[in-house]
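>>> Build me a model:
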Amino acid sequence: MQLPLPIHQIDEETLENFYADNNLLLLDSLHKNFADPKQQFFYVWGSESSGKTHLLKACSNEFLVQQRPSIYVPLSKSQYFSPEVLENLEQQDLVCLDDIQSVIGNDEWELAIFDLINRMREQGRGILLISANQSPNALPVKLPDLRSRLSWGESYQLAPLDDEQKIKVLQQKAHSRGIELPDETANFLLKRLDRDMHTLFQALADLDKASLQAQRKLTIPFVKEILQL
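As a prediction, this is how the structure comes out:
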């Protein structure tokens, strides 16, 4: 049973709260092309929790705030919708295809993405932003013409965050929630939890809820108690 595409709504991911220090060239090129589109195709790749989904949602948010048509398609959830969701997307100012590796190897999806790229190229408008966990050349694409098209535009590897940067991002996230995350507590979380940002953000959300209910600060004893560490 096919379900409707989960349309992305404006949420908390923005370019302002995307940690950009490791990816300044990419952000600069995106900003320039959003204002004056000259490059249609962008391919960003990196390991899990390198910020790919945040970046794509943030770019889509940027367009939606400006009332420019944009769509974010989470291909990691492609089991819930069909390749037909890509039809007529060349009418959008920005199309974000997240986690393309999730559908690579599927003939219907590969053909649908190939056709979308061709339509956007022919129309000469709109920006396509694709993310993956591998470079275009390393991705096991079955359709040769799609492989070549994935290399048409600019390609960037998202640089991973080091521990110091992860702490800074966590503290910024905590601040946006109205809570303080002391250095020693942030360091404790990094030592005791998986270091991927999804896990750390989920832990912070749980701690935010618990601290609000208990009216407690994020001390190490409180974190140990709530997360059972």
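>>> For stretch 32-46, C-alpha coordinates in PDB please.
The C-alpha trace of stretch 32-46 is given here as PDB (Å, rounded to 0.1, in the frame of the first residue of the first chain):
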ATOM      1  CA  LYS A  32      25.200  32.300  -4.200                       C
ATOM      2  CA  ASN A  33      23.100  29.900  -6.300                       C
ATOM      3  CA  PHE A  34      20.000  30.400  -4.200                       C
ATOM      4  CA  ALA A  35      20.200  34.100  -4.900                       C
ATOM      5  CA  ASP A  36      21.300  33.900  -8.500                       C
ATOM      6  CA  PRO A  37      20.900  30.300  -9.800                       C
ATOM      7  CA  LYS A  38      23.800  29.300 -12.200                       C
ATOM      8  CA  GLN A  39      24.500  25.800 -10.900                       C
ATOM      9  CA  GLN A  40      21.500  23.500 -11.000                       C
ATOM     10  CA  PHE A  41      22.900  20.400  -9.400                       C
ATOM     11  CA  PHE A  42      24.600  19.700  -6.000                       C
ATOM     12  CA  TYR A  43      25.600  16.400  -4.600                       C
ATOM     13  CA  VAL A  44      26.600  16.200  -0.900                       C
ATOM     14  CA  TRP A  45      27.900  13.100   0.700                       C
ATOM     15  CA  GLY A  46      29.200  12.000   4.100                       C
END
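>>> could you show me where the strands are in the protein, in order?
Ranges of strands in the chain, per DSSP state E, are 41-45, 70-74, 94-98, 127-132, 154-157.
>>> Of all those, which one is nearest Asp28?
Nearest of the strands of the chain to Asp28, taken as CB to CB: strand 154-157 at 10.8 Å. In short, each C-beta sits where N, CA and C put it, glycine included.
>>> what residues are up against the residue positioned nearest the centre of the chain?
Centroid check for the chain by CA atoms, centre = their mean gives Thr53 as the closest residue, at 1.1 Å. Each residue near Thr53 by CB atoms under 8 Å, 6 or more residues apart in numbering is listed here: Glu13, Pro74, Asp98, Asp99, Ser131.
>>> could you measure the residue nearest to the second one when sequence neighbours are not counted against Ile167, distance?
Among residues not flanking Pro74 along the chain, Asp98 sits closest, at 5.1 Å (CB to CB, 6 or more residues apart in numbering). In this structure, Asp98 lies at 26 Å from Ile167, with CB to CB, to the nearest Å as the measure.
>>> what's the neighbour count on Gln67?
8 (other CB atoms under 10 Å).
>>> quick one, helices of this protein?
Per DSSP state H, the chain carries helices over the ranges 24-35, 52-65, 107-123, 144-149, 163-176, 183-192, 197-214, 220-227.
>>> got those as TSV, with mean pLDDT and distance to Gln157 columns?
Listed next are these as TSV, based on pLDDT from 0 to 100; distance: least, CB to CB, whole Å:
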stretch	mean pLDDT	distance to Gln157
helix 24-35	92	9
helix 52-65	92	10
helix 107-123	97	20
helix 144-149	95	18
helix 163-176	87	16
helix 183-192	93	23
helix 197-214	89	17
helix 220-227	93	32
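>>> Of these, flag the one that's most buried.
helix 52-65 (a mean of 22; mean count of other CB atoms under 10 Å).
>>> now that helix and helix 197-214, what's the angle there?
In terms of direction (axes from the mean of the first three to the mean of the last three CA atoms, to 10 degrees), helix 52-65 departs from helix 197-214 by 70 degrees.
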